[in-house]
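K.L.:
Build me a structure from this.
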Amino acid sequence: MPGREGSFQVEVVAAARAAGRVPYRVDGSLEAVAGELAAGRPVLVLQNLGVSWYPRWHFAVIYALDPVRGVVSLRSGTDREKHSDAAVFLRTWARGGFWGIVVLRPDELPAQPHRERWFSAIADFESAAGASAASTAWRTATRRWPDAPMPWFGLGNVAVATGEPADAEDYYRRALALDPNYVMARNNLAWLLADSGRVDEAVRELDRALGTPNLPAGLEDELRDTLRQVREKAVQ
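P.N.:
Predicted coordinates for the structure are as follows:
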């Protein structure tokens, strides 16, 4: 979302990551909010208390819902207990693009996680907070989705960054066992093998990656660049 409100969102998300927490975008519904509240997590939302052509952007924290009375309870600015009619709240939230987040510890999961959205949230957290900080989040994801390759790939990257190449190889191979066409896992595995002097194995992995069906042009270029650099290692 462009504009001033977008910069506020970026600042809020960045502050959460700096505090060692993973911000996660919740679905824009009171049902999704209720699920997070039931798990003991308040939901931060962006409202537009004005109109589309003259917005008044405002952050508030939902801490309770009363579905029987149709009341949303918020901490809003200096008001610690503001009670809003649900229909009125939904209109102001809709004008804010139904933007809302929960802020989780790395060992937590959202109440009703969208798998790919959660993986993306961890990856963004890792970019900001570093590999070590993301390790717990990726491990938590492997327990929830053991058959998904991306958390194993994430753990492989963490292991590389923290100087554990044997663990990294194991994690990359787990990801590839689940999805043999996971090209980036094969690319990173090739780098790992080449760095440990196993250049021939690295070249085989890259050749296999380049044989992946329907490989996007940009990704193919990246693989060929990796292959070129790996082959250079063989003659050094």
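
K.L.:
Sketch out the low-pLDDT regions of the chain for me.
P.N.:
1-5, 235-236 (pLDDT under 70).

K.L.:
Helix or strand for the residue positioned nearest the centre of it, just tell me which one.
P.N.:
Centroid check for the chain by Cα atoms, centre = their mean gives residue 121 as the closest residue, at 1.4 Å. Residue 121 belongs to helix 115-129 when assigned by DSSP states H and E.

K.L.:
if I pick the closest residue to residue 173 other than its chain neighbours, what's in contact with it?
P.N.:
Distances taken as Cβ to Cβ, 6 or more residues apart in numbering put residue 189 closest to residue 173, at 7.0 Å, once the chain neighbours are dropped. Where C-beta positions appear, they are placed from N, C-alpha and C, glycine not excepted. Contact partners of residue 189, counting by Cβ atoms under 8 Å, 6 or more residues apart in numbering, are 156, 169, 172, 173, 176, 202, 205.

K.L.:
State the distance from residue 189 to residue 234.
P.N.:
Distance, residue 189 to residue 234, by Cβ to Cβ, to the nearest Å: 17 Å.

K.L.:
ok, now residue 206?
P.N.:
12 Å.

K.L.:
The top strand by length along the chain - contacts with which helices or strands?
P.N.:
Using DSSP state E, we find that the single longest strand of the chain is strand 57-66. Here strand 57-66 touches helix 4-18, helix 30-38, strand 43-48, strand 71-76, going by 3 or more Cβ pairs under 8 Å, 6 or more residues apart in numbering; DSSP states H and E.

K.L.:
how about 10 Å then?
P.N.:
Judged by 3 or more Cβ pairs under 10 Å, 6 or more residues apart in numbering; DSSP states H and E, the packing partners of strand 57-66 are helix 4-18, helix 30-38, strand 43-48, strand 71-76, strand 79-85, helix 86-95, strand 100-104.

K.L.:
so which helix or strand takes in the residue nearest to residue 173?
P.N.:
Per DSSP H and E, residue 189 falls inside helix 183-195.

K.L.:
Just the CA atoms of that helix, as CSV, please.
P.N.:
The C-alpha coordinates for helix 183-195 follow below in CSV (Å, rounded to 0.1, in the frame of the first residue of the first chain):
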residue,chain,number,x,y,z
VAL,A,183,16.2,-25.9,-8.2
MET,A,184,17.5,-23.4,-5.6
ALA,A,185,18.1,-26.2,-3.1
ARG,A,186,20.1,-28.0,-5.7
ASN,A,187,22.0,-24.8,-6.6
ASN,A,188,22.9,-24.2,-3.0
LEU,A,189,23.9,-27.8,-2.5
ALA,A,190,26.2,-27.5,-5.5
TRP,A,191,27.9,-24.4,-3.9
LEU,A,192,28.3,-26.4,-0.7
LEU,A,193,29.9,-29.4,-2.4
ALA,A,194,32.2,-27.2,-4.5
ASP,A,195,33.4,-25.3,-1.4
